[in-house]
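# got a structure for you, letters missing:
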């Protein structure tokens, strides 16, 4: 039996009530939707929820970093006798995951494709190298991780593509957990239900002290971080058929200490100065993970995979104060800095090009 949209929209906070009202209005339509917010807030989850309650066809997620200007038209429209994504997604959804990771040329092509769609979702098109007219009914949804205003100002989100979502569909802000702390009891109950099924356990819930600890924690990775924390807790054999206590929780809460190290940062489309707030970074090197204190770092340099068709992060080189350097990947969901334009600006490691401390 198909679950109603309300099943997926947990909570009664003002922030989530606003999102619920917006989704109720647009979910039954075929209008294009753009979800934006911080990492880990569940952008893909909400897109899947809308699809699951309204569309009969496939949900096709497209990872935008992989889309190339030379091939994207063939991939969408098809080529000669080969069908494309528009035919595959008939009566379903095409989800553009992390749309700002497309180059602007691809975003312009996406704008043109979405713009030929009618309000009923119907698109008339023909395959590349073919004159036969085809028709599909497709809903377009997209996600954007980060700050919407900055993405537009820095031209990493194409203004024309944004305008399509804004004028012909809906742009939806998904709030982080710190803006909906009062929703934590319902969220935790739902996650415990899912994890009980996953681990074949009968955990009854959390006690009041544990709930207070979870509500007051700064979930910088948002829902994804909360899910990982509870999943790690459930995996322990001593957690069985009981109420979860603050003692259980405290052992698995992610620790976060702040640094005030000044830094210069270069991202894909912007440069700025600030103070890095993360006191340490989680690295992976030679299949091992460990913490590297920020105070020991002089410079972080991005190294890209030269064999990839598009620029793809391979690893980072970390130059240290003692004159040595190490190579590794950053495993943290984001890096947080205080800047002149934001007291708490967060960006994903994949966006980082160059960082100089001091």
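Great, that's in hand. The structure presented is a predicted model; accordingly, all values stated were derived computationally and were not measured.
# okay, CA-based contacts and neighbour counts for the rest of this
Will do.
# Same question for the host helix or strand of residue 247: list its buried residues.
Using DSSP states H and E, residue 247 sits within helix 246-250. Buried residues in helix 246-250, defined by neighbour count with 16 or more other Cα atoms under 10 Å: 246, 249.
# chain center to it: distance?
28 Å (Cα atoms, centre = their mean, to the nearest Å).
# pLDDT (mean, whole number) over it?
Helix 246-250 shows a mean pLDDT of 87 in the predicted model.
# elements contacting that helix?
Under the contact definition 3 or more Cα pairs under 8 Å, 6 or more residues apart in numbering; DSSP states H and E, helix 246-250 sits against helix 208-216.
# Now do the helix it packs on: which elements does it pack against?
So helix 208-216, by 3+ Cα pairs under 8 Å, 6+ apart, packs with helix 184-199, helix 246-250.
# got the angle for that helix vs helix 184-199?
Here the directions of helix 208-216 and helix 184-199 differ by 110 degrees (axes from the mean of the first three to the mean of the last three Cα atoms, to 10 degrees).
# so how many other residues sit close to residue 24?
A total of 13 residues lie near residue 24 under the criterion other Cα atoms under 10 Å.
# does the closest residue to residue 253 other than its chain neighbours sit in a helix or strand, and which one?
Nearest residue to residue 253, sequence neighbours excluded (Cα to Cα, 6 or more residues apart in numbering): residue 229, at 6.5 Å. Per DSSP H and E: residue 229 is located in helix 222-234.
# Contacts for the helix or strand just after that helix next, please.
The helix or strand immediately downstream of helix 222-234 is strand 243-244, counting by DSSP H and E. Contact with strand 243-244 is made by 203-207, 210, as judged by Cα atoms under 8 Å, 6 or more residues apart in numbering.
# Direction included, what does strand 243-244 pair up with?
The sheet places strand 243-244 alongside strand 205-206 (parallel), with pairing taken from DSSP bridges.
# So what's the gap between the strand it pairs with and the chain middle?
On Cα atoms, centre = their mean, the centre of strand 205-206 falls 28 Å from the chain's centre.
# before we move on, the earlier item: for the next helix or strand after the helix holding residue 247, which helices and strands make contact with it?
Where DSSP H and E defines the elements, the next helix or strand beyond helix 246-250 is strand 258-267. Packing partners of strand 258-267 (3+ Cα pairs under 8 Å, 6+ apart): strand 271-278, strand 352-357.
# Contact partners for residue 116?
Residue 116 neighbours (Cα under 8 Å, 6+ apart): 123-124.
# 6 Å instead, please
Residues near residue 116 by Cα atoms under 6 Å, 6 or more residues apart in numbering: none.
# can you check residue 336 too?
Residue 336 is in contact with 277, 345-346, counting by Cα under 6 Å, 6+ apart.
# Same check on residue 173?
Applying Cα under 6 Å, 6+ apart to residue 173 gives the contacts 35-37.
# where in the chain is pLDDT low?
The chain contains residues with pLDDT under 70 at 1-2, 241, 254-260, 269, 306-312.
# residue closest to the middle of it?
Centroid check for the chain by Cα atoms, centre = their mean gives residue 39 as the closest residue, at 4.6 Å.
# helix, strand or coil for that residue?
On the three-state scheme (DSSP: H, G, I helix; E, B strand; the rest coil), residue 39 is labelled coil.
# still on that earlier bit, mark which of the contacts of strand 243-244 are buried, thanks.
Buried subset of the contacts of strand 243-244 (neighbour count, 16+ other Cα under 10 Å): 203, 205-206, 210.
# Can you tell me which of these comes closest to residue 27?
For the buried ones among the contacts of strand 243-244, the minimum distance to residue 27 (Cα to Cα) is 32.1 Å, reached by residue 205.
# what's the spacing between the nearest residue to that closest one once chain neighbours are set aside and residue 222?
Sequence neighbours aside, residue 243 is the residue nearest to residue 205 in space, at 5.3 Å (criterion: Cα to Cα, 6+ apart). Distance, residue 243 to residue 222, by Cα to Cα, to the nearest Å: 23 Å.
# okay, the two: which has more neighbours?
A count of neighbours by other Cα under 10 Å puts residue 222 above the other of residue 243 and residue 222, at 19 against 15.
# Just give me the longest strand of the protein.
The longest strand of the chain (DSSP state E) is strand 133-145.
# now what about that strand, what contacts it?
Strand 133-145 is contacted by residues 30, 32-39, 87, 90-99, 121-126 when judged by Cα under 6 Å, 6+ apart.
# want to throw the helices and strands packed on strand 258-267 into CSV with mean neighbour count?
Compiled in CSV, the helices and strands packed on strand 258-267 are given as follows (neighbours: other Cα atoms under 10 Å):
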stretch, mean neighbour count
strand 271-278, 19
strand 352-357, 19
